[in-house]
Each structure stands twice: as structure tokens, then as C-alpha cells.
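1. I'll drop the sequence and a predicted model, then ask my questions.
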Amino acid sequence: MPLQATSFSLIDDLFSRLAGESIFAQPGSDEGLVPSYSLLGEIVGHASEAPELTGPLQELLNRLDALLSEAKPFDTAAVEHLRKVVAWLPAALAGARREQRLADEGSASPSPRPAVPEAAPPPAPESARPTDPLTPAEELLDLRMDENRELLGEFHAEALDHLQQIEAALLVLDGNPTDRDALNGLFRSFHTIKGVSGFLHLGPMHRLTHEVESLLDLARTDRLRLTSSIITEILRSRDAIQEMVRQITTALEEGTPPDRIVPVNALIAAVRDLALGSGAVPTVPTPEAPERPLAAIAATPVSAPVALAPTPAAPPSPVGTEPPSTATVNPTAADHAPARGVATSSVRVNTEKLDSLVDVVGELVIVQSQLQESARAYETGASPLTRNLAQLGRITKELQLTAMSLRMVPIKPTFQRMERLVRDLSRDIGKPVVLETRGEETEMDRTVVEEIVDPLVHMVRNSLDHGFESPERRRAAGKPEQGRLRLAAYHEGSNLIIELADDGQGIDAARVLAKARAQGLVPAGSSPPADEVVNLIFLPGFSTAEKVTAVSGRGVGMDVVKRNIERLRGQIQIETQPGRGTTFRIRLPLTTAIIDGLLVRVGPDRFILPTITVQMALRPVAAMLSRVQGRGEVLDHRGRILPLHRLHERFGIEGAVNDAVDGIVVIVETNGKTYALLVDELLNKQEVVIKNLGGFLQNLPGVAGGAILGDGTIALILDPASLCAR
């Protein structure tokens with residue numbers, strides 16, 4: 001029985017989403033397994049009147065169901081079967097459409113149907129042939145590294161910028177399809193990638209961007225209105241382009257050419273269907289040749305600055321053979337250059353050079369401190385040497401701040417990734433959620449930005465899966481169906497704060513405690529305080545999920561989140577109200593190269609405590625000190641009983657203060673717990689350059705690194721989390 005027109009429309013939308021999931025399906029990974037299974041089930045349901053379609057789809061559905069039942073990830077056969085079905089389905093649907101059309105016209109001649117894909121492993125890619133003789137076969141990306149290496153290096157950096165701009169523009173258009181600035185920027189980015197990829201003979205990328213550009217041209221000329229399904233399809237096309245750019249990254253960094261085909265034919269067919277479905281026939285010219293000949297590009301001076309947003313379709317200028325990791329720097333000197341109508345200029349700099357610059361400046365800061373320390377032994381009062389050293393100190397400080405600012409990047413790209421994640425995941429799990437962001441222009445060290453992405457991804461996924469109720473439960477609780485997730489970043493002193501807050505159901509402390517006891521993570525008879533109970537979600541292996549899904553439930557994640565944040569010398573705190581929502585607050589240093597520390601003395605040795613962990617310091621009296629059975633020495637601080645740790649005992653230091661009333665107690669807080677540390681003396685507060693202790697002292701409990709002080713001696717930087725956990 002022919003399918004109805006409405007069924008075709010629904011299947012088309014579901015298939016486009018399935019094709020996007022298939023791009024990232026990999027053996028040994030469960031990424032996309034549950035969405036693929038769900039989408040296949042919906043397609044089978046809508047195609048129930050066409051057994052020639054449902055039969056092959058059901059075979060794949062059964063295979064994925066078996067994997068999910070055993071909590072297994074994709075295997076090689078399942079991935080190949082999925083991609084084979086994705087390659088087959090467009091032609092099968094086209095045949096079903098022809099049958100529908102013939103049935104409507106009263107014709108009795110059946111249309112031939114494409115061969116049904118088998119579940120067995122498919123033939124090698126080179127033997128695959130497209131169903132449509134006019135459609136080129138799927139092909140590997142041919143980079144021609146011998147002749148294109150320099151151009152690919154620059155194209156790679158520009159493509160990453162454009163992919164970021166594409167995603168940002170699509171997310172804007174998803175909320176406001178009439179935003180002309182976002183639409184024009186989106187078109188320019190695809191047009192630029194199309195032009196340069198054509199020049200470099202990157203066939204699959206060129207064909208896909210060409211089709212998307214044609215679709216966007218319909219929207220620019222008001223012949224097509226962007227819808228959520230169209231934006232979803234363009235996002236999936238963007239993901240395919242990003243996968244090809246990753247292959248370029250690997251080729252540039254490791255010299256390994258692409259070894260896996262990124263399928264684009266299904267995406268191209270879906271984009272064409274969307275264009276034709278608009279009622280307008282796009283005028284698609286033959287892909288044009290590059291507007292500048294190769295000779296003109298090769299003649300471009302190597303020292304010429306590379307603009308961040310190049311002119312559409314202009315191929316890149318070679319800037320050398322640096323690895324693809326780059327940063328865009330706006331040099332201060334450029335502001336003084338004579339130029340008309342140009343506010344700033346920029347140049348791409350390899351990040352290794354920036355890191356090297358910061359390291360050298362750090363060494364300069366150390367030497368400058370040593371010079372000042374040495375001068376105190378020979379100079380008294382004002383003298384030319386004293387004045388010159390003071391001037392050197394000011395210049396060194398300014399140079400240090402400038403060098404550190406070169407490493408600072410806005411957190412906006414990270415927030416944009418979260419916007420895409422929320423958009424896609426909320427649709428997959430059936431919970432409408434909107435993400436609100438604030439403070440996107442807040443800057444932090446690029447290393448911190450890179451390292452914070454994975455923790456944020458897991459926290460966002462957990463928030464949607466665990467934090468938000470179903471639409472039905474939200475209605476019953478008097479809440480709007482659409483949940484709200486807020487992601488904010490701001491500076492607080494010398495720290496960066498990232499907050500992730502939802503208006504969901506909050507964390508049920510009683511349920512968390514019961515689950516922790518059931519998993520043997522908490523003794524059966526213990527009754528920890530409420531704040532400690534909430535922090536149990538950071539224990540390895542802990543999960544409150546009733547079943548394992550592709551989103552969460554395996555008990556692996558929040559412990560990794562905490563560990564990654566602590567590795568950045570940060571802290572994470574939880575505030576929750578049952579029925580009202582939960583806020584995760586991450587406190588991070590602005591940079592990983594310099595630490596703001598409190599210098600303390602213990603016997604003849606000196607240590608540095610990160611000020612981010614220090615609450616206060618006090619000189620105790622005898623009445624505050626006692627010993628508790630099973631807990632050791634404690635300090636009664638304003639009614640709170642805090643464990644007291646003696647640093648001279650922890651590090652075996654002789655000649656230190658033994659009687660606590662003769663020393664200083666520093667109150668530190670880490671991981672939501674408070675401790676007291678006994679030291680001999682507080683020296684001062686200062687910024688120090690962090691030095692790696694090397695392999696011999698790596699991962700030493702209680703020690704995070706080292707620093708060279710002004711007198712040339714070395715002080716250990718303490719890690720209160722591991723120090724007090726012992």
C-alpha cells in the first residue's frame with residue numbers, strides 16, 4: 001500500500017536526523033546508539049504500510065535492540081549495517097514516491113525498487129556505487145598533501161572559525177528565522193568554505209557546501225522560510241564538514257591521510273529535497289573556479305597578516321608550515337600603525353609560540369625578583385640602582401600581564417557548543433529545554449577553556465537527563481513545560497566562576513543517600529550532613545539512574561568532572577532545592593601558569609597555599625584544641641569541629657612549632673569540606689609562576705607543583721584536597 005504524503009514528510013525529517021547520527025557512530029562507542037534506535041523505531045512506525053521499507057529497517061532495529069539490551073556499544077557490524085541502510089533509504093523512499101505518484105495517476109506499472117541492504121558487512125568503499133547514476137560515489141577526502149600542505153594549514157584554521165560561526169548563526173536562526181544578519185553570515189561562511197574547498201579539490205566538502213549554499217540562497221531571496229527541520233539538516237551538514245576538517249587536522253599534525261569516508265550523498269539528497277520542497281527551483285550554477293589563480297596566491301608575501309574573516313571565496317594565503325593549532329592575536333603595535341578605516345589588525349600565531357613566550361616571561365619575573373632580593377643586601381635608601389630595579393619591576397609586571405593576556409580567550413565558543421548540545425539532546429529525550437547564557441565574553445586562559453569543555457558537556461547532559469522532569473510532571477507541578485537551563489560566567493576577584501543552573505526537580509538527598517548505601521559507598525548506619533550527602537554524586541560509580549541510556553546511568557562522569565576541575569586547581573559546589581532546581585558553581589583560576597598564593601613557613605621550609613582555598617588564619621588558644629576518638633586532633637572553630645593537620649608531621653620537617661598555640665592555623669576549604677592546617681608563620685601573599693616538579697615528584701600526594709621564590713629557593717605549592725584526604 002502506498003505511503004501517504006504526510007508519512008513521507010515525517011520520514012524525511014527522521015531520516016535526516018538518522019543520517020547525521022550515523023556520521024559519528026564508531027565501533028566501541030555508544031555515542032548516537034540510543035538516538036539511532038529511537039529514530040529507526042519512529043521511521044518503522046510511519047512506514048508500516050510499506051513492508052518493502054520496514055523489513056530492512058526492522059533488521060537493523062533488532063540489531064541495535066540487542067546491543068542496548070546487553071548494555072553494549074556499537075560494534076563494527078552494527079556501524080556498517082547502519083551506514084548501509086542510510087545509503088539505501090533515500091533511493092528506497094524515491095521509489096516509494098514514484099509508486100505513490102503512479103497510483104495517484106491510475107498507472108498499473110510498478111516502479112523498480114532499489115536492492116535491499118543486507119545485514120552482512122558491506123563491500124569495500126571503492127566498490128560501492130551510487131543508486132543514482134548522476135550522483136558521484138562517496139569518496140575519501142583527497143588532500144594532495146605534497147602540493148597543498150601550506151594552503152591546507154591556513155584553510156584548516158579558517159574553516160574552524162567558520163564552523164564556529166555557522167553553528168552560532170544557526171542557533172540564532174532557530175530562535176529567530178528572520179534574523180538577516182545571522183542568515184547573511186551563515187551564507188558567507190558556507191560560500192567561503194565552498195570556494196576554498198573547490199580550489200583545493202576537496203570533492204565531498206565542496207559538493208556538500210555547494211548544496212547548502214544553494215539552499216541558503218533561497219532563504220536569502222525570500223523563496224524559502226527556514227524551519228526547525230531545515231536548520232537541523234544544515235547543522236548535520238556542518239557536522240559532516242567538521243568531521244572532514246578533523247581529518248585535515250590529523251593529516252597536518254600526524255602526516256596520516258584520511259582513511260575513512262565521510263558520507264555526504266544522503267545529506268546532499270536531504271538538502272536538495274528541502275530546497276525542492278519549498279516550491280522554488282534553485283538556480284544552481286556549475287561550481288565556479290577560484291576567483292584568484294594559484295600564481296596570485298603563491299605570490300602573497302608570507303609576512304602578510306591573515307584576516308580572521310576573509311573575503312568570500314578567496315583562497316587562503318600561505319603563512320608557513322606551522323601545526324594547525326593557532327590563536328588570533330591583536331598586537332598593540334598594530335593600533336599605532338598608520339591605516340585608514342581599519343580599527344585593528346590580527347595575525348595568526350602558533351599556540352606553541354605563545355606558550356614559549358609565557359614561559360620565558362615567567363623566567364624573567366623570577367630573575368627580576370632575585371635581583372631585587374640581592375639588591376637589598378647592598379643598598380640602603382634611595383639610589384640609582386634601587387630606582388632602576390623598581391622601574392624594571394614595573395616593566396616586568398606589565399610584560400607579564402601582556403603575555404598572559406595573549407593566552408586569554410573568551411568562553412563564548414564553549415557556551416555555543418553547549419547551546420547546540422541542549423538543542424539536540426532536549427529533542428532526543430523529549431524534554432523541551434531552552435539554554436540561557438550570560439557572560440559569554442568573559443575571558444580565561446585558553447588551556448582552562450579547553451579543559452573545561454568535557455566537564456561542562458557531562459554536566460549539561462546530566463542536567464537534562466536527571467535534573468529536569470518530564471513535561472507531564474512539570475505541568476503537574478505548576479511549572480511551564482519548557483525547562484530553563486542557565487549558563488553564566490563572570491570574574492570574582494582573581495577567579496572565574498561558571499554557573500550551571502536549572503529549574504528542574506532538584507537533588508533528592510534522601511534518594512541519593514539510599515542509593516549510596518545500596519551501592520556500598522556509605523556505611524549503613526551513618527547519617528552524614530545534607531551538604532555531604534549531595535556531594536556523594538561525585539563518588540566514582542555513583543548513579544541514581546534507574547536504567548542505563550546513552551546519556552547517563554553508568555556511574556561514570558561526575559567523578560571525572562570533579563577530578564578534571566581539581567586538576568585545573570578549581571572547585572565545584574552544589575546548591576539545590578527540591579522542586580526548585582539545582583545550581584553547580586565552578587570556581588577556577590584565570591590562568592594555569594600563575595597562582596595567587598599565601599606563603600607560609602614550617603620550620604626552615606616554605607610552602608604556598610592557593611588563596612582560592614584559604615578562608616582565614618588565626619592563632620589558636622588551648623581551649624580550641626582537643627582530640628576526638630577516631631578523628632584525631634581537632635579544632636573547635638566557632639562551633640564547627642575541624643580536623644587539624646600538622647604540616648611538619650605530614651612532610652617530616654624538624655625544628656617546626658610543636659605546640660599549636662605557638663603557631664598559626666590556616667582554615668582551608670576544598671571539595672565542600674573545611675580543614676585546619678598548622679604552620680609556624682605567615683610570610684606574605686604573592687603571585688608565583690608554577691613550575692612542574694618533573695617525573696620523579698609527579699603525583700606526590702599533597703603537592704600541586706613548585707615555585708621559585710625571589711631569593712632563588714624553591715617552595716612547594718600545596719594541594720589541600722589531596723593533602724587533607726590522607
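-> Sure thing, it's come through. Numbers count the residues shown, from 1 in each chain.
2. Now do the end-to-end distance for stretch 630-643.
-> By CA to CA, to the nearest Å, the extent of stretch 630-643 from end to end equals 11 Å.
3. and it, which residues are buried?
-> Buried residues in stretch 630-643, counted by 16 or more other CB atoms under 10 Å: 633-635, 637, 642-643. In this view, the C-beta of every residue, glycine as well, is placed from N, C-alpha and C.
4. quick one: which of those sit in helices?
-> Per DSSP state H, helices hold no members of these.
5. Rebuild those as a markdown table, extending it with pLDDT.
-> Output for these, formatted as a markdown table (pLDDT from 0 to 100):
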| residue | pLDDT |
| --- | --- |
| Glu633 | 88 |
| Val634 | 90 |
| Leu635 | 90 |
| His637 | 86 |
| Leu642 | 89 |
| Pro643 | 89 |
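6. farthest pair in these?
-> Spanning the widest gap among the buried residues of stretch 630-643 are Glu633 and His637, at 13.1 Å by CB to CB.
7. What average pLDDT does stretch 142-156 get?
-> Mean pLDDT, computed over stretch 142-156, is 83.
8. Equivalent analysis for stretch 605-620, please.
-> Mean pLDDT, stretch 605-620: 89.
9. Give me the buried positions along that stretch.
-> In stretch 605-620, counting by 16+ other CB under 10 Å, buried: 605-614, 617, 620.
10. from these, which is closest to Glu243?
-> Nearest to Glu243 among these: Ile612, at 38.6 Å, using CB to CB.
11. residues touching that closest one, list them.
-> Residues counted as contacts of Ile612 (CB atoms under 8 Å, 6 or more residues apart in numbering) are 495, 569-571, 587, 589, 596.
12. ok so it is a helix residue?
-> No: with DSSP: H, G, I helix; E, B strand; the rest coil as the criterion, Ile612 is coil rather than part of a helix.
13. Return the distance of it relative to Leu568.
-> To Leu568, Ile612 is 11 Å away according to CB to CB, to the nearest Å.
14. Which parts of the protein belong to which domain?
-> Using automatic domain parsing, the domain parsing of the chain gives 5-125+137-277, 352-407, 409-589, 594-724.
15. quick one: which helix or strand includes the residue sitting nearest the centre point of the chain?
-> Closest residue to the average C-alpha location of the chain: Val453 at 3.2 Å, with CA atoms, centre = their mean. Here Val453, judged by DSSP states H and E, is contained in helix 446-462.
16. Spell out the residue ranges of the helices in the stretch 201-350 of the chain.
-> Ranges of helices in the stretch 201-350 of the chain, per DSSP state H, counting those that start in this stretch, are 203-220, 228-254, 265-277, 294-298, 332-335.
17. Which one, of these, ends up nearest to Pro529?
-> Per CB to CB, nearest to Pro529 of these: helix 228-254, 44.8 Å.
18. Specify the angle between that closest one and helix 265-277 in degrees.
-> Using axes from the mean of the first three to the mean of the last three CA atoms, to 10 degrees, the inter-axis angle of helix 228-254 relative to helix 265-277 is 150 degrees.
19. how distant is helix 228-254 from the center of its chain?
-> Mean-position distance between helix 228-254 and its chain equals 15 Å (CA atoms, centre = their mean, to the nearest Å).
20. any idea of the mean pLDDT for that helix?
-> On average, helix 228-254 scores 90.
21. Around Ala622, count how many other residues there are.
-> 9 (other CB atoms under 10 Å).
22. Poorly predicted segments of the stretch 351-500 of the chain, please.
-> For the stretch 351-500 of the chain, the stretches flagged by pLDDT under 70 are 378-382, 493-494.
23. For stretch 633-642, give me every contacting residue.
-> Identification of contacts with stretch 633-642 by CB under 8 Å, 6+ apart yields 618, 620, 623-628, 631, 643-644, 646, 665, 667, 674-676.
24. Show the buried residues in the residues you listed.
-> 620, 624-625, 643-644, 646, 665, 667, 674-676.
25. and which of those residues is nearest to Arg563?
-> Closest to Arg563, out of all of the buried ones among the contacts of stretch 633-642 and judged by CB to CB, is Tyr675, at 19.3 Å.
26. Using the three-state scheme, assign that closest one.
-> Following three-state DSSP, we place Tyr675 in the strand state.
27. Show the contacting residues for the residue nearest to it when sequence neighbours are not counted.
-> Distances taken as CB to CB, 6 or more residues apart in numbering put Cys724 closest to Tyr675, at 4.3 Å, once the chain neighbours are dropped. By CB under 8 Å, 6+ apart, Cys724 lies in contact with 643, 645, 668, 670, 673, 675, 677.
28. ok, now how distant is Cys724 from Lys412?
-> According to CB to CB, Cys724 stands 36 Å off from Lys412.
29. Equivalent analysis for Arg640, please.
-> Separation of Arg640 from Lys412 (CB to CB): 40 Å.
30. before we move on, what about Met418?
-> From Met418 over to Lys412 (counting by CB to CB), the distance is 11 Å.
31. Could you do Ser229 as well?
-> Separation of Ser229 from Lys412 (CB to CB) stands at 27 Å.
32. Name the helix or strand for Gly153, please.
-> Taking DSSP H and E as the criterion, Gly153 maps to helix 145-175.
33. would you list every one of the strands in the stretch 401-550 of the chain?
-> With DSSP state E, counting those that start in this stretch as the criterion, the stretch 401-550 of the chain has strands at 408-410, 433-438, 443-445, 483-492, 495-502.
34. Contacts for the third one, please.
-> Meaning strand 443-445. Here strand 443-445 has contacts from 404, 407-411, 496, 588-593, using CB under 8 Å, 6+ apart.
35. Each with direction, which strands does that strand pair with?
-> Strand 443-445 has its sheet partners listed here by DSSP bridges as strand 408-410 (antiparallel).
36. so how far is the strand it pairs with off the chain centroid?
-> Distance of strand 408-410 from the chain centroid (CA atoms, centre = their mean) equals 14 Å.
37. List the buried residues of it.
-> Here strand 408-410 shows 408-409 as buried, counting by 16+ other CB under 10 Å.
38. Check stretch 202-222 too.
-> Neighbour-count burial for stretch 202-222 flags 202-219 (criterion: 16+ other CB under 10 Å).
39. go on, stretch 511-522?
-> Buried, per 16+ other CB under 10 Å, within stretch 511-522: 512-513, 515-516, 522.
40. now stretch 254-266
-> Under the neighbour-count criterion of 16+ other CB under 10 Å, stretch 254-266 has 258, 261-266 buried.
41. Repeat that for stretch 166-177.
-> For stretch 166-177, burial by neighbour count (16+ other CB under 10 Å) applies to 166-174, 177.
42. so which of the buried residues of stretch 630-643 comes closest to Val661?
-> Compare each of the buried residues of stretch 630-643 with Val661 using CB to CB and the shortest gap goes to Leu635, at 11.3 Å.
43. mind listing what the spatially closest residue to the closest one that is not a sequence neighbour touches?
-> Sequence neighbours aside, Ala676 is the residue nearest to Leu635 in space, at 4.4 Å (criterion: CB to CB, 6+ apart). Ala676 makes contacts with 635, 637, 642-645, 665-668, as judged by CB under 8 Å, 6+ apart.
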